[in-house]
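**Q** Quick one: sequence and predicted model below, then my questions.
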Amino acid sequence: MGSDRAKFCNLCEQNIKPHGWATHRKACERNTQKRAHDERVAESIRQRKEDQPFVPGNDGDLKYREFEVDDIKVVHHPKSGIPTQVHVFGDFKRHPAHHSLWSAPEPDAQPWHPFKSRLEFDIAEIALEAALNNAQTDRLLDICHCCAQKSEKFTFQNHRDIRAKWDAASQCFMKDVVSIPFTDKSWDFDVYYHDLWGWATNLLHDPYLFPHFHFDAQRLSKFNGQSFEQFVDKPFTAQNFWDAQSQLPPDAKPLAFILYADKTKLSSFGTAKGYPVMARLANLPTDIHNGQGMGGGYVVGWLPVVKEDKQHSGKPAWANFKATVWHKSFERILASLATKSNMGQWLECLDRVQCWFFPLILILSSDFEEQSVMSLTQGVRTLWPCPICLVPHDKLSDMTHCYPRHTSCDSQAILATAQAKDTMEEREEALKEYGLRDILNAFWTMKSTDVHCALSWDKKHFHSGGEWSDHLWIELQKYINGLGRDKTSQVDKNYHAFPHWRDQKHPNHIMNILFTDNSVHEDISKMIVYATHDIRTEQDCPLGYLLLRCVRLYIELDMYASLEVHTTETISSGHHTHHMFSAILHQYINKTADENRKNWNYPKLHMDLHIFDDVEAKGATWNYNTKLNEKMHGSLKDSYLLRTNFCDVAEQILQINQWQVIADRIHHHLYEFDEHQCQLHEEDLLEEEDFIVNVVNHPISTGGSFHVKLGSKQPLETFDAIEKAHQDDQAFGNFRIKLNNFLNILLPSSDIPLHDGKRIHLRGNNHITAHQFLHVNYELMLTEDKVILGQLLFIFECLIGDHIYPLALIHPFDDRDLNLFRAQFFSVRSIICGVLLVPDGPSDYLVVDTVDTDMFLHVKMMHLEAGHIVHV
């Protein structure tokens, strides 16, 4: 009788008694999931061993192996003990060495901890995001209690309960008081900071971030058919990371920090200022450390803002006092790293391997004013204003010479010599010769950190927010306004006529713009040549035209500086463009010297000299662009306006910032938890359903990732309906007949058999599906076919038999002589990328190659392949 009531468990293939069924089933499911997980890990390891990339035993092996174009060679630092590897391009993945041995654990079963339930976290997060005050929070909780269901217990009673949970999960900022003597009294300042070492180890112990950490320097190169050409993008692929590891003992690993600091106004109408310090780890890939949330930028400190004193402001002693406050405060922030930078620190990572880390400051991200403070140079009005090299103050516009670089060792020696002088006047005079201040630099406490080397070129403040907005644009406006109102108005009209483009601002009345956001200035500069090339001709305005040539070269230089991956060739081209820009600008300066009082001897122009040195040393410029850090100012300002009482605001702002960090971390864990739960419930999907999803919705693939994706699907339409709707558009004339002819040629030429072996004959009542969205995953493709430009008219999918073919109706611009408007069908797979075209007359278009770096390089290649001689 008992055996009849027993339930059969299909997981362990045993009969289980009813009263123990629930407990057994849960345990059996856990064991089954664990075995499945272990088998997947084991299979993954076996697969990696089978698919192991080519590992040359020595340099001789590399000479005798035949490589394919685009093969990737990875050379790890000799101290890493990792052999050189060569990967086929399609198989190359940017995984650190420990990645293959690491398996992420299952998500936390209670990712909302320390909150008692997911519901309570959601409520607390809403209150945080909406910046509810205490009374509003209490009211929200009253409403929640009224609506609460019994499925999740709701225990919050008032705002204090929520605050207690945030505080329980937060890592509080430490506060120190820095006392600095000045004018016979001591001035006290508050500095707030996190333990930087503790912050870094928290990231290292995060199971989702750990697989992405790179602890060894790499040199990457790509085979171009003749040799391997080196390329750099992330900091650990560049020279300074390599040099840092070379200075360490064997088996030691560099832990590289990226730090940012700058003052910001906390409100547009008040005088309150904040001074946040932000940190990122350069051992993480750029897309992670430049992102928001886990692994991205963190506020790790808050420096004191010294209020100006009318009695002392403007005096050298006051400037030295403010710099002393900055460095004594920053020394507290660096304190947890300084001791470990000398002897290193052992740390057990999540893969149970003990690592010997040596922290260093690899990159300092800041504007020019902040760079002068960090390096303790005396600023713009000194004999040597550059914080990176010893360029004389009257040679800043001379970009043809390279000057000796500052080093921390030299600065320390100069300061020691000056401090040995008998009088203060002699000391100041000795330091003045080198443009340095009589202060100990906080970064000197960090071994293997050279502050002058860590300072980095900043695209936002040096180009769009400096060289363009304050100089080239002002000069250009002067010439355009000098041509009269009609010409000035025409420039505005040309801008207004530009097609809209993704991430491209579309300003109106640009000739009236003097002060605006740096991003708007950047977009104006990208379009200015296209808006003025037919207005300021060489015949009508020779000097204005010469300036326009300078602007074009400046934009090209900016495009090279914006590349996210640099090769030896792009760095060389960038240097060449900088030399050309310098030469044309000097022509303009010399020709306008008598009538123009403009001073071109400014530091931001000189800083262009360091662009590509920084790329080779620290990777692409987006690794140290201040734009990412200044974007984080927004939430700090919001906290000031919405969550503080406007008194002693630093602690209140930092507390809210910590809560936001905790909310983001819990959100990430909840996402992983939900994904894991979905996988457990969806593993038994039918193959047929999976096939349908792939065919209908899956992006069109040309390898490991999608190339083209269609979206915004429209309702089915017949050919008759489409032709009727577009009867006044000659591009759609004989739409169905032309499509029949195109498919009867395309399919056989692509080795695709015709349906049932018969010619395709679509009828007027057959249906197609139109789309209004096209996403192209741009790839620099090597093709022997002719590359043409065209106007996209219509995108659709056509069902032939059991196969769906994505197609496009395009007006190609490849026949200038006939000047006919003729539309042709193309496979969507043949689309390489989107192109922004602007009208240039009734039938001509100009290709805007400055919308992004991919298009810039692609147009350069097209010119090169066509044998064009480019005149600037």
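**A** All right, it came through fine.

**Q** Ramachandran angles for the nearest residue to Arg118 once chain neighbours are set aside?
**A** Nearest residue to Arg118, sequence neighbours excluded (CB to CB, 6 or more residues apart in numbering): Trp112, at 4.7 Å. For the C-beta atoms, the positions are set from N, CA and C on the backbone; glycine is no exception. Backbone torsions for Trp112, taken as degrees, to the nearest 10, come to phi -80, psi 0.

**Q** swap in the one 4 residues further on?
**A** When read as degrees, to the nearest 10, the backbone of Lys116 gives phi -80, psi -20.

**Q** didn't it look like it was pressed against Ala164?
**A** No - contact status for Lys116 versus Ala164: not in contact, 11.4 Å apart, counting by CB atoms under 8 Å.

**Q** who has more neighbours, the two?
**A** Lys116 (17 against 11; other CB atoms under 10 Å).

**Q** residues in contact with the nearest residue to the more buried one once chain neighbours are set aside?
**A** Leaving aside its chain neighbours, Lys116 sits nearest to Thr155 (5.6 Å; criterion: CB to CB, 6+ apart). Counting by CB atoms under 8 Å, 6 or more residues apart in numbering, Thr155 touches Lys116, Glu120, Asp161.

**Q** repeat for Lys73
**A** Residues near Lys73 by CB under 8 Å, 6+ apart: Leu62, Thr84, Gln85, Val86, His87, Leu220, Ser221, Lys222, Phe223, Phe228.

**Q** Swap in 6 Å and give it another go.
**A** Val86, Ser221, Phe228 (CB atoms under 6 Å, 6 or more residues apart in numbering).

**Q** can you tell me which of the residues you listed are in strands?
**A** Val86, Ser221, Phe228 (DSSP state E).

**Q** Counting neighbours, which of those residues comes out on top?
**A** Val86 leads the ones in strands among the contacts of Lys73 on contacts (other CB under 10 Å) with 22 neighbours.

**Q** How many residues are close by Leu641?
**A** By other CB under 10 Å, the residues close to Leu641 number 16.

**Q** got a pLDDT number for the spatially closest residue to it that is not a sequence neighbour?
**A** The spatial neighbour of Leu641 that comes closest, neighbours along the chain excluded (CB to CB, 6+ apart), is Ser267 at 6.1 Å. If you check Ser267, the pLDDT there is 86.

**Q** Using the three-state scheme, assign Ser267.
**A** coil (DSSP: H, G, I helix; E, B strand; the rest coil).

**Q** Restricting the selection to alpha carbons, write the helix or strand hosting Arg163 to PDB.
**A** Take DSSP states H and E as the rule and Arg163 turns out to sit in helix 159-169. Below are the C-alpha coordinates for helix 159-169, written out as PDB (Å, rounded to 0.1, in the frame of the first residue of the first chain):
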ATOM      1  CA  HIS A 159      12.400  57.200   7.800                       C
ATOM      2  CA  ARG A 160      14.800  56.300  10.700                       C
ATOM      3  CA  ASP A 161      14.300  52.600   9.800                       C
ATOM      4  CA  ILE A 162      15.300  53.200   6.200                       C
ATOM      5  CA  ARG A 163      18.200  55.400   7.200                       C
ATOM      6  CA  ALA A 164      19.500  52.700   9.600                       C
ATOM      7  CA  LYS A 165      19.500  50.100   6.800                       C
ATOM      8  CA  TRP A 166      21.400  52.500   4.400                       C
ATOM      9  CA  ASP A 167      23.900  53.200   7.200                       C
ATOM     10  CA  ALA A 168      24.400  49.500   8.000                       C
ATOM     11  CA  ALA A 169      25.400  48.900   4.400                       C
END
